[in-house]
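K.L.:
let me see the structure of the following:
(4 chains)
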4 protein chains.
Amino acid sequence: MATRANSVPHPTLVQGLHNRWHPDIPAVATVKPGEVFKIECVDWTGAQIGNNDFSDDIRDVDLSKIHNLSGPIAVEGAEPGDCLVVDILDVRPFDKMPWGYTGIFELENGGGLFAKEFKSRAAKAIWDLKGVYATSRHIPGVRFAGVSHPGLIGTAPSAELLATWNKREGELIAAHADAVPPVAFGPLPKGAYVGQDLPEEVRKKIAEEGARTIPGREHGGNCDIKNLSKGSRCYFPVFVPGANLSVGDLHFSQGDISFCGAIEMACEILRAGIITFSTSIIKGGVEKFAMKQPIFLPSPVDPMYSAKLVFEGISVDYHGDGKQYNMDATVAYKQAALNAIEYLMKIGYTREQAYLLLSAAPVESHVGAIVDSPNACVTLALPLGIFEHDILPQVDGLVKKNFGQAAIRSDGVV
Amino acid sequence: MATRANSVPHPTLVQGLHNRWHPDIPAVATVKPGEVFKIECVDWTGAQIGNNDFSDDIRDVDLSKIHNLSGPIAVEGAEPGDCLVVDILDVRPFDKMPWGYTGIFELENGGGLFAKEFKSRAAKAIWDLKGVYATSRHIPGVRFAGVSHPGLIGTAPSAELLATWNKREGELIAAHADAVPPVAFGPLPKGAYVGQDLPEEVRKKIAEEGARTIPGREHGGNCDIKNLSKGSRCYFPVFVPGANLSVGDLHFSQGDISFCGAIEMACEILRAGIITFSTSIIKGGVEKFAMKQPIFLPSPVDPMYSAKLVFEGISVDYHGDGKQYNMDATVAYKQAALNAIEYLMKIGYTREQAYLLLSAAPVESHVGAIVDSPNACVTLALPLGIFEHDILPQVDGLVKKNFGQAAIRSDGVV
Amino acid sequence: MATRANSVPHPTLVQGLHNRWHPDIPAVATVKPGEVFKIECVDWTGAQIGNNDFSDDIRDVDLSKIHNLSGPIAVEGAEPGDCLVVDILDVRPFDKMPWGYTGIFELENGGGLFAKEFKSRAAKAIWDLKGVYATSRHIPGVRFAGVSHPGLIGTAPSAELLATWNKREGELIAAHADAVPPVAFGPLPKGAYVGQDLPEEVRKKIAEEGARTIPGREHGGNCDIKNLSKGSRCYFPVFVPGANLSVGDLHFSQGDISFCGAIEMACEILRAGIITFSTSIIKGGVEKFAMKQPIFLPSPVDPMYSAKLVFEGISVDYHGDGKQYNMDATVAYKQAALNAIEYLMKIGYTREQAYLLLSAAPVESHVGAIVDSPNACVTLALPLGIFEHDILPQVDGLVKKNFGQAAIRSDGVV
Amino acid sequence: MATRANSVPHPTLVQGLHNRWHPDIPAVATVKPGEVFKIECVDWTGAQIGNNDFSDDIRDVDLSKIHNLSGPIAVEGAEPGDCLVVDILDVRPFDKMPWGYTGIFELENGGGLFAKEFKSRAAKAIWDLKGVYATSRHIPGVRFAGVSHPGLIGTAPSAELLATWNKREGELIAAHADAVPPVAFGPLPKGAYVGQDLPEEVRKKIAEEGARTIPGREHGGNCDIKNLSKGSRCYFPVFVPGANLSVGDLHFSQGDISFCGAIEMACEILRAGIITFSTSIIKGGVEKFAMKQPIFLPSPVDPMYSAKLVFEGISVDYHGDGKQYNMDATVAYKQAALNAIEYLMKIGYTREQAYLLLSAAPVESHVGAIVDSPNACVTLALPLGIFEHDILPQVDGLVKKNFGQAAIRSDGVV
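P.N.:
Numbers count the residues shown, from 1 in each chain, chains lettered A, B, ... in the order given. Sure thing, here's the model as predicted:
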């Protein structure tokens, strides 16, 4: 009688670390389709941010070496043109460190969507991770279930795709040579890292050509899509033999609004942690599904908060100089966020707390319409169920409570 | 013994029609807070589009007089600075005309988000409205529940607000004087209409200064937000005594993706119909809630389709010339939509059918993140439950069916 | 060029009325598969209950002639053994009467689940129907979206099936001959009605044999399942040629808890109204799907209230004499409901208001488990979003408001 | 500068084990309100069931010592009459054993809801736990997200409450002295266990008086409510100083339909695992909230499968001898389950597979109505999203696949 093996835990693969995308980074492990495996992911900053009550570590963070990615993992049989199906089976923090943080970065070091509007100074919130929930001593009065997901996940680019990236981004950089912060980030040998024994010329090539990990691209990458969460099924195009999947920047939670940083700024609750995968291959899937970028099926276990308060924004900078923009969804997105922030300030949160909360909580942002010239319309939805108190508009106005302040710099500058 | 009156139907207010926003348009009726009332809304084009199988009427549509709005309705006691709470209690088509349409407009007459990419030629789909559902003989294989809502609803602007609109939009127009299609639409006496007896100088003033109804603005207006649906509660800032609420452009259904037209393009299922309201007033609400634009609570009866297939897009025009854009959410939104359209074409829909379907069905589009320079990330979610067949990626690829074609021009040009 | 007819409204079929189930009741109309049609349904009591502030009409109601059903409607091609697919496309009240009621019936006239526990005396709540919502002057502080559905819908039984019903119910009646209220209701010529010209012997046969409409049975019937709502798709077994579908007892709203009456007691918000259908046939569906009773797909537009307060109950009558029952889900269901009622009384509702509210609102009741002897476990979930105030448990206890009282008898007896 | 401690993991409390409810079982640990802590729970059978492909271990299981509970945990400050608020923050299996099982028990050893109907013989399904999902080699074609929860959780009874239980259950047992299986289970010194050093007279008292853990009761206990899941907040009445909370029988998943066993039968996916809690106290909560049994708030992270196929059942045993029962929800529940089982058999599952699947998957069972004499109506909803293939009714009938068979006895008897 054939009996299956009892109680075999899912293997945890030895992590490889790298911080550039390049086809020549060898796979550190190979899995078979159908196999369940785990990958440990380290903190993207090298543990520079502490569980404490000042934001000096955010202010002084060294951003030259991001992101620490685990992998690449090769999948047996995957070839260019195939579709790699990745089941994200679980994402969770290490038990020994049940906390995370959300940060606002300095205008001059990290920046962020509102860096200029706010002349932003470092602030942060430490989140206590309590099972499925997060709470923060720096943002009292809220508790929410996390939409845990990898901020960064993708297959390796082919040499050709990499060249396309470097060319097009190079042109953008050239066209905005003096921008502060920069509009994009080209290959940079300084800080490039691959944690494997490699021939020097390979290492050099990777360092000189490797794409930075900051933006998402056709292979996935740093898309920061909260719904690529535990329980989702993702379809990636394959560009190199083995597919060579890498992952990192695990988030315990994040909203659709992730806007603190210009150089991928950890404006979400994140920590080192463990991600569980299984994979399969659809031969020729890129052609079969007309894939130019990943597609995915969301998870059935994402938090359900059906009651929401929704803020609108249009492409007029009415929070600033009042200028009319032409169908600019980014401007509309900012207005919606600023409307929400001002509303939260009426309840008693500081601007920093509100800003941090919108980045961390399961907020949703929809593109209402981009059709009614000249105003694009974007909405931002605050789930009511994350607040301990009723925050709905009342006839007598909103009760303003004292929620203290986020963790700010030890010199008190905000 | 006091007994309440039996069986009193909710009154249907006599419709006023107007197609400009101006503080001097008098209210056509006054309601008390708490009163339930209905408003009949006519078709925004004056019934130019027919329930037939060619799109010549779309090709030839005269867009000079849009939008036909019903109102204004004054609410007793509302004053500038107040918040007008509007419960959208119901939205439904007239029983005698259980159909609607979605249109793709010509590049040179109406345009739309993909007008240039597609060199678009007129096409349309007629939708049969069957209770809560819509189906179309021009797009077989789908059936969905409508998110019925007014495409256009808002309070009247004050003279000061109107001046601000005209100034800022005028500056944008001036800066893009030769744009085709135009980037915005300034006041235009031709076609201006107010269906009331008015002194000639008032009528002239309205025609010369009145804001066009095309974009959404701080008062609401043509936001095309699908979630301002029946069952939602909306909070509008009040700018004139009585608030003077107007409404029109009822949609039986629409997705987050409403992209067919540049001049408010009816890229949704819409018809004349009836909307039911009740209102209340929160004194000083604008200050109490820091309102710069409406906020709202979505409806508990919006269709729930939990299973979705999600497409991603970034701010690289990889469907076109491959150019890299700088955090441009509109470009990202287009890529996500084009990815979905190409996927639907693998299943057998034509490009026109796919384009029309995305505008009409309860599709959701989220802003994934605008932080990872230079790529904004936007997603578009297709609800699986609206399709009669399983459209998920399969190992053997997608089964391509023959769904015919949308209603196209009688000369066969697409 | 072939052009389809414009603007054809869905036909409203002439209503037939009948109040017994019998195979010999002829169809009053015939529809084709795929056709959309409407049916008007009258009030089941013959308009005995008024929109007023006393419950005397409930106390004195004559229950001898229920239920007024519309139909039967024959579907072309349906034969015994087929499955009749019925799309319930819409359910709505007549515009001229935007109100409904919920009633508690007298112990001796109508009874109800708690008739004995409460020694119940007539009470009622009049609900104002405002678009998708209901509110009541008799139960202030709540507003909810209706799950509109037909309380009673079914196909006609064959002679053989009818005989089975009469036999098994007759045996139950015989075994509980003296029960008050009766345990079941056998054929009763008195009050039997078929609103068609029929030969006298047919009319007599129907009156003498026709099954009462009170319980649900294998053909559907009076199941009072709230999720057979507008937007749902139902599969009925067919027992006679044409299927002969009948429908009535439209409910604007109802919870899983419908417990006021022993003889089908209108413990829901109901009125005359209009239901919209389309149908199709699956040949041999009874065998294909192993159907012994209808199956259905719920609607995507049922109200979504994700936050709930849930009460448990077990099969011990701890609200009464404390007796232990053996896996009795009905006893458990009562305890859960009584726990909810007592909780609502802490908030300030009277017992009558709480009882009426649970019958009318979109409450859910789950069978937790029937396995842990001797206690079955049933839960009842109150949606938080229907209350104007926060009803959650608070450290300081619950704030008790004064919500007045339901409509009671003019002699003040409750 | 005050800095909080970094990276303190939540403590795992030393487990106490006991298998009876009694006020004299001392707390094994004390926690403060607000503290987050974990408790390890062992397998309730003592690891008698193996991850293999025969069901002999189920057939031969020794059920005399269930359930192994962890605790009691005292909460500082809790007193009789208080309400103990318990946040169930997480529930998960041990990483080293990512599997669970569902079992059908023998008619003569364990029994279950359909033990008599099916003359049930041992069968089981082994589930592989893959992150948030479960799949089974014994029930191919399904994959579902777990609603992880403790099957058994409760506060300790007071001496008075315990006496009430023993009295009322003793009377039931006495009234059905010869029932097979027994209708209830009185105190039984044999097998009673408390894993602490106790004076012999205390141990003896507990063994002689202690309530069996099989049924749920006023303190919670073995309610098997799937929605007491990770992320839920539960309110328990307190009967003894410290509340003395105990927990066990962790389920990875379970439906509303948990019906395999008569003596608490593990008809769910369960394993040893870890549960994370925090608690707070509401003084006098029993009176404040009129609590006779726990109440709770469901979790926002329960799996969301919006599309369902729903089966109805009434209180006629039409799957058996056709007998009419009087408003018996248990009979109705059985018919709905049997209708679902027969439908699943049309798709190709064996009766054993279908039975096991309904117990393990996130199936929902609603009480439709208990009002329409003599038929109670209960529904059972199968989530469509758990099946790999479309299981909806089709015009051509259902495609019958070969899914093999569940794990059965090595002698082949089913």
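K.L.:
okay, how far is it across stretch A:76-96, tip to tip?
P.N.:
For stretch A:76-96, the first-to-last residue distance is 33 Å (CA to CA, to the nearest Å).
K.L.:
in that stretch, what counts as buried?
P.N.:
A:78, A:80, A:82-93, A:95 (16 or more other CB atoms under 10 Å in any protein chain shown). In short, each C-beta sits where N, CA and C put it, glycine included.
K.L.:
and what of stretch A:114-132?
P.N.:
By neighbour count on 16+ other CB under 10 Å, the buried set for stretch A:114-132 is A:114-115, A:118, A:120-132.
K.L.:
what does stretch A:154-170 give?
P.N.:
A:154, A:155, A:156, A:157, A:158, A:161, A:162, A:164, A:165, A:166, A:168, A:169.
K.L.:
out of these, the closest to chain B would be?
P.N.:
Closest approach to chain B among these (CB to the nearest CB): residue A:168, at 4.0 Å.
K.L.:
which of the buried residues of stretch A:76-96 come close to chain B?
P.N.:
Applying CB under 8 Å from any CB of the partner chain to the buried residues of stretch A:76-96, one finds that A:83, A:85 fall near chain B.
K.L.:
which SSE is immediately downstream of the worst-scoring helix or strand of chain A on mean pLDDT?
P.N.:
Least confident helix or strand of chain A, by mean pLDDT, DSSP states H and E, is strand A:269-270 with a mean of 52. Note on strand A:269-270: by DSSP states H and E, the next helix or strand toward the C-terminus is strand A:273-282.
K.L.:
from the contact counts, what lies against that next one?
P.N.:
Applying 3 or more CB pairs under 8 Å, 6 or more residues apart in numbering or on different chains; DSSP states H and E, we find strand A:273-282 packed against strand A:36-41, strand A:69-75, strand A:83-93, strand A:245-253.
K.L.:
could you check the angle that strand makes with strand A:36-41?
P.N.:
Interaxial angle, strand A:273-282 versus strand A:36-41 (axes from the mean of the first three to the mean of the last three CA atoms, to 10 degrees): 130 degrees.
K.L.:
residue A:323 and chain C, how far apart?
P.N.:
39 Å (CB to the nearest CB, to the nearest Å).
K.L.:
can you tell me, leaving aside adjacent residues, what's nearest to that residue?
P.N.:
Using CB to CB, 6 or more residues apart in numbering or on different chains and skipping residues adjacent in sequence, the residue nearest residue A:323 is residue A:317, 4.9 Å away.
K.L.:
ok, the one you found - contacts?
P.N.:
Neighbour list for residue A:317: A:323, A:325, A:331, A:334, A:335 [criterion: CB atoms under 8 Å, 6 or more residues apart in numbering or on different chains].
K.L.:
how many neighbours does the third one have?
P.N.:
Spelled out, that is residue A:331. 25 (other CB atoms under 10 Å in any protein chain shown).
K.L.:
pretty sure it contacts residue A:316?
P.N.:
Yes: judged on CB atoms under 8 Å, residue A:331 makes contact with residue A:316 at a distance of 7.2 Å.
K.L.:
could you tell me which residues touch both of these two?
P.N.:
With CB under 8 Å, 6+ apart as the test, residue A:331 and residue A:316 both reach residue A:325.
K.L.:
the buried residues of stretch A:154-170 in strands, which ones?
P.N.:
With strands defined by DSSP state E, the entries of the buried residues of stretch A:154-170 inside them are A:154, A:155.
K.L.:
show the contacting residues for residue A:90.
P.N.:
The neighbours of residue A:90, taking CB under 8 Å, 6+ apart as the test, are A:230, A:274, A:275, A:276, D:131, D:132.
K.L.:
can you check residue A:340 too?
P.N.:
Residues in contact with residue A:340 (CB under 8 Å, 6+ apart) are A:311, A:354, A:358, A:363, A:380, A:382.
K.L.:
the regular element (helix or strand) spanning it vs helix B:329-347, what angle?
P.N.:
Assigned by DSSP H and E, residue A:340 belongs to helix A:329-347. Angle of helix A:329-347 versus helix B:329-347, following the same axes, to 10 degrees, is 110 degrees.
K.L.:
quick check: domain ranges of chain A?
P.N.:
A:12-297, A:308-408 (automatic domain parsing).
K.L.:
give me the neighbour count for the residue of chain A found nearest chain C.
P.N.:
Nearest residue of chain A to chain C: residue A:306, at 3.7 Å (CB to the nearest CB). Look at residue A:306: counted by other CB under 10 Å, it has 19 neighbours.
K.L.:
which one is it nearest to, not counting chain neighbours?
P.N.:
Ranked by CB to CB, 6+ apart and with sequence neighbours excluded, the top spatial neighbour of residue A:306 is residue C:306, at 3.7 Å.
K.L.:
my read is that that neighbour contacts residue A:302, right?
P.N.:
No: look at residue C:306 against residue A:302 with CB under 8 Å: they stay out of range, at 12.0 Å.
K.L.:
report the contact partners of residue A:399.
P.N.:
Contacts here follow CB under 8 Å, 6+ apart; on that basis residue A:399 touches A:347, A:348, A:389.
K.L.:
mind picking the lowest-pLDDT entry from those?
P.N.:
Across the contacts of residue A:399, no position has a lower pLDDT than residue A:389, which has 91.
K.L.:
look up how far chain B lies from it.
P.N.:
Residue A:389 is 16 Å from chain B, by CB to the nearest CB.
K.L.:
in a strand, that residue, correct?
P.N.:
No: counting by DSSP: H, G, I helix; E, B strand; the rest coil, residue A:389 is not part of a strand but coil.
K.L.:
okay, the helices and strands packed on strand A:273-282 in a markdown table with distance to residue A:147 and mean pLDDT next?
P.N.:
Conversion of these to a markdown table gives the following (distance: least, CB to CB, whole Å; pLDDT from 0 to 100):
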| stretch | distance to residue A:147 | mean pLDDT |
| --- | --- | --- |
| strand A:36-41 | 17 | 92 |
| strand A:69-75 | 21 | 95 |
| strand A:83-93 | 10 | 95 |
| strand A:245-253 | 6 | 90 |
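K.L.:
many thanks, we can stop here.
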